[in-house]
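Student: what's the 3D shape of this:
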Amino acid sequence: MNNSGNIRNFVIISHIDHGKSTLADRFLEITKTVDARQMKAQFLDSLESERERGITIKMAPVRMVYGDYILNMIDTPGHSDFSYEVSRALVAVEGAILLVDITQGIQAQTLAKFYSAKKAGLKIIGAVNKVDLISDEGQLNRRVKDLADLIGCEPKEIHPTHKQVMCGIHKISGKTGQGIEELLKAIIKEIPNPKKLSGNENLARALIFDLFYDDHKGIIASVRVFGGEFNVNEEAYLIAADEKFKMKEVGYFLPQLKPIGKLSAGEIGYIATGLKNPDRIKIGDTIITNHKSQITNHKSLALSGYDEPKPVVFVSFYPENSNQYDDLKKAFGRLKLNDSSLKFEADFNEVLGRGFKVGFLGKLHFEITAERLEKEFDIKTINSFPSVAYKVNNLIIDNPADLPDDIKEILEPMINLEIISPGGHLGDILQLKEIFRMENITTNNLGAEGIILITAKMPLAELISNFDDRLKSVSEGFASFNYELANYQKAELEKMEILIANAPVAGLVRIVPKKRLEYEARKMVEKLKDVLPRQQFTQAIQAVAGGRIIARETISAMKKDVAGYLYGGDRSRKMKLWKKQKKGKKKLLSRSLGTQVRIPAEVFKKIIQ
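Tutor: Here you go, the predicted structure:
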């Protein structure tokens, strides 16, 4: 049963919300991997944020048995922010199911995932999903042909009754189960046996493609075994970390952890390392069973994994409760275990105290991480505006507050953007170019049904504002996009600071285009006026850039009628009370000037939203 010739390793890849998790559910049911009584929708999506948003965030491996074959499947995220998750999964498998929602057709991430799988040398099986929603046979065939053209094959009917086509294109419904059995058989037939390494095939080597933490077993590595065997209680060695450990447990994902005592070549499973320090192990490392002293040039045995992810969005996090700083540090360490794209370092702010500056792969990546901190670790945080890394005098600056006031030249990161949309929305999408500083725009017809591919260059900073929402709005939800980092480019930008009662507020410093400086300044001070609590003294809210006050609002002081209880009589008594009140307010104001300005956490969150 564990013969590598009976093993098939594959991933499911697609654009976001095209039905990957539902298809995975059907696979689990048909192979009886999960008991029908325990089955629930999105079974492999274990994170609370995944279920709330209806999207996959973390890749999820599972071992299934179908007939005489072992099928190791990895369900992957669809959003572009989590493309690094997909790249790690591609290294561990030999095949991929490229899934397309038949009601939406090929979209931006469909193309991106296809090219990634093709580059990785995987066997790609195409499938159009949700065929139960389409009654138009002509539209169905057009979708199939579009996918066949992308993969590069001629669709031909296998049998008129089943209406399945060759070249890996399958008509399925993850909801009803239509075509799922045929797709499973195609996986067995078309995806090759696990690849073998050249050289000593008996040498036990495994690639770590994911990590997570268990309080009792320590750090657990999700691995793909490329050679030899890994047995429980044997000594193992991490090549990159230069660390020995004794394997406390080895097993499969069913999808819960199932200890089995041994992992063999071609299999996907887990190894419990017993290690407790997250800094000593990382995704992409190679595990071998022989100690380095017994091997000459052990570094040469390292398996090729994937490039180190480069964060592009930076946010500073501070615990609402300053006593939770150490808990926040531990939480980031745990999150980094199974999210190696997460980068964090200690940060300090005079107002907000100790915290961490964290690098993310995109805005959604940041939002999900913030949610996980609160839901999984019960830590509420205050965070700064998301920012990108700029170049000033050949220095990389990822904190807007560190940007010099007298900037002569600043370079900002750019992205190559691809948008796929029905042609009817082209005019509205092109109108976004002024708002989001898009340039070098080209348009091309893509396949049938008037689908348009729009390519452009755009600053990364625009992407992490509200570009996604605006694109969905102008295209009525039909447009999708993908992007990749390009180069740095000279830009007309300026640093904008916010002063409240003449004191700068940390965390509200932003870098904005000069053309939008006045608009952004006015919007910020007006929003602050709406959400800031009133004080006993008047608060001036100012947006400042280049030593100039760009916008200003004033929050009036709280009023109390100190003489209200006096009726009639000599007015001089009231005058004394009013003068005393005025003197007290003036004293409060003088004390507040230049001192720390503390903004409630809920206010920070409202501003950032």
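Student: Please count neighbours and contacts with C-alpha atoms only from this point.
Tutor: Noted.
Student: mind giving me the domain split of this structure?
Tutor: Domains of the chain are assigned by automatic domain parsing as 4-190, 205-301, 315-386, 410-491, 497-608.
Student: least reliable of those domains going by mean pLDDT?
Tutor: Lowest mean pLDDT within the domains of the chain: domain 497-608, at a mean of 76.
Student: Any idea how far stretch 23-39 is from the middle of the chain?
Tutor: How far stretch 23-39 lies from its chain's middle: 27 Å, per CA atoms, centre = their mean, to the nearest Å.
Student: now swap in stretch 521-539 and tell me
Tutor: 33 Å.
Student: What residues sit buried inside that stretch?
Tutor: Neighbour-count burial for stretch 521-539 flags 521-522, 524-526, 528-529, 532, 537-539 (criterion: 16 or more other CA atoms under 10 Å).
Student: Serialize the residues you listed to JSON lines and add fields for distance to I30 and secondary structure.
Tutor: Formatted as JSON lines, the buried residues of stretch 521-539 follow (distance: CA to CA, whole Å; DSSP: H, G, I helix; E, B strand; the rest coil):
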{"residue": "A521", "distance to I30": "58", "secondary structure": "helix"}
{"residue": "R522", "distance to I30": "58", "secondary structure": "helix"}
{"residue": "M524", "distance to I30": "55", "secondary structure": "helix"}
{"residue": "V525", "distance to I30": "58", "secondary structure": "helix"}
{"residue": "E526", "distance to I30": "57", "secondary structure": "helix"}
{"residue": "L528", "distance to I30": "55", "secondary structure": "helix"}
{"residue": "K529", "distance to I30": "58", "secondary structure": "helix"}
{"residue": "L532", "distance to I30": "56", "secondary structure": "coil"}
{"residue": "F537", "distance to I30": "69", "secondary structure": "coil"}
{"residue": "T538", "distance to I30": "68", "secondary structure": "coil"}
{"residue": "Q539", "distance to I30": "65", "secondary structure": "strand"}
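Student: Can I get the domains of the chain in a markdown table including distance to D402?
Tutor: Listed next are the domains of the chain as a markdown table, based on distance: least, CA to CA, whole Å:
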| stretch | distance to D402 |
| --- | --- |
| domain 4-190 | 26 |
| domain 205-301 | 28 |
| domain 315-386 | 12 |
| domain 410-491 | 13 |
| domain 497-608 | 10 |
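Student: right, and I74 touches I12 too?
Tutor: Yes. Contact criterion CA atoms under 8 Å: I74 and I12 qualify, at 6.5 Å.
Student: got the phi/psi numbers for N482?
Tutor: phi -140, psi 160 (degrees, to the nearest 10).
Student: Would you mind naming the residues that bridge with it?
Tutor: Beta-bridge partners of N482, counted by DSSP bridges, are E418.
Student: That one touches I415, doesn't it?
Tutor: No. In this structure, N482 is not within contact of I415 by CA under 8 Å, at 9.8 Å.
Student: Not counting residues beside it along the chain, what's closest to P192?
Tutor: Nearest-residue entry for P192: E94, 6.6 Å, with adjacent residues in sequence omitted and distances by CA to CA, 6 or more residues apart in numbering.
Student: Checking I283 next. Helix, strand or coil?
Tutor: coil (DSSP: H, G, I helix; E, B strand; the rest coil).
Student: where's it relative to E85, distance?
Tutor: 11 Å (CA to CA, to the nearest Å).
Student: G179 now?
Tutor: From G179 over to E85 (counting by CA to CA), the distance is 28 Å.
Student: try L532
Tutor: As defined by CA to CA, L532 lies at a distance of 40 Å from E85.
Student: Check A204 too.
Tutor: 25 Å.
Student: repeat for N277
Tutor: 22 Å.
Student: who's more crowded, these two?
Tutor: E85 (22 against 12; other CA atoms under 10 Å).
Student: Now L203: closest residue in space that isn't a chain neighbour?
Tutor: In space, L203 is closest to G228, 5.0 Å off (CA to CA, 6+ apart).
Student: which residues touch that neighbour?
Tutor: By CA atoms under 8 Å, 6 or more residues apart in numbering, G228 lies in contact with 201-205, 264-265.
Student: ok, 10 Å please
Tutor: When contacts are counted by CA atoms under 10 Å, 6 or more residues apart in numbering, G228 touches 200-206, 263-266, 288-289.
Student: residue boundaries of the helices in the stretch 101-250 of the chain?
Tutor: Listed in chain order, the helices of the stretch 101-250 of the chain (DSSP state H, counting those that start in this stretch) span 108-119, 137-151, 180-190.
Student: What's the local residue count around R205?
Tutor: R205 has 27 nearby residues by other CA under 10 Å.
Student: For the closest residue in space to it that isn't next to it in sequence, list each beta-bridge partner.
Tutor: The spatially closest residue to R205, leaving aside those adjacent along the chain, is I288, at 4.7 Å (CA to CA, 6+ apart). Beta-bridge partners for I288, by DSSP bridges, are R205, Y237.
Student: CA atoms only for stretch 407-427 - export them in PDB, please.
Tutor: Only the C-alpha atoms of stretch 407-427 are listed here, as PDB (Å, rounded to 0.1, in the frame of the first residue of the first chain):
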ATOM      1  CA  ILE A 407      13.200  65.000   1.000                       C
ATOM      2  CA  LYS A 408      14.900  65.800  -2.300                       C
ATOM      3  CA  GLU A 409      14.100  62.500  -4.000                       C
ATOM      4  CA  ILE A 410      12.000  59.600  -3.000                       C
ATOM      5  CA  LEU A 411      11.500  56.300  -4.800                       C
ATOM      6  CA  GLU A 412       8.400  54.100  -4.300                       C
ATOM      7  CA  PRO A 413       7.800  50.400  -5.100                       C
ATOM      8  CA  MET A 414       5.700  49.700  -8.200                       C
ATOM      9  CA  ILE A 415       3.700  46.700  -9.200                       C
ATOM     10  CA  ASN A 416       2.800  45.100 -12.600                       C
ATOM     11  CA  LEU A 417      -1.000  44.800 -12.400                       C
ATOM     12  CA  GLU A 418      -3.200  42.500 -14.400                       C
ATOM     13  CA  ILE A 419      -7.000  43.000 -14.400                       C
ATOM     14  CA  ILE A 420      -9.500  40.600 -16.100                       C
ATOM     15  CA  SER A 421     -12.900  41.900 -16.700                       C
ATOM     16  CA  PRO A 422     -15.900  41.700 -19.100                       C
ATOM     17  CA  GLY A 423     -15.400  44.300 -21.800                       C
ATOM     18  CA  GLY A 424     -18.600  46.200 -20.800                       C
ATOM     19  CA  HIS A 425     -16.800  47.500 -17.700                       C
ATOM     20  CA  LEU A 426     -13.600  48.600 -19.500                       C
ATOM     21  CA  GLY A 427     -14.500  52.300 -19.500                       C
END
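Student: Pull out the buried residues from the helix or strand harbouring D327.
Tutor: Using DSSP states H and E, the element containing D327 is helix 325-337. Buried residues in helix 325-337, counted by 16+ other CA under 10 Å: 325, 328, 331-337.
Student: likewise stretch 209-219?
Tutor: Quick answer for stretch 209-219 (16+ other CA under 10 Å): 209-213, 217-219.
Student: export those residues to CSV and tack on distance to I172?
Tutor: Output for the buried residues of stretch 209-219, formatted as CSV (distance: CA to CA, whole Å):
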residue, distance to I172
F209, 29
D210, 30
L211, 33
F212, 34
Y213, 37
K217, 40
G218, 41
I219, 38
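Student: Spell out the secondary structure type for the spatially most central residue of the chain.
Tutor: In the chain, the centroid-proximal residue (CA atoms, centre = their mean) is H365; its distance is 3.0 Å. Following three-state DSSP, the label given to H365 is helix.
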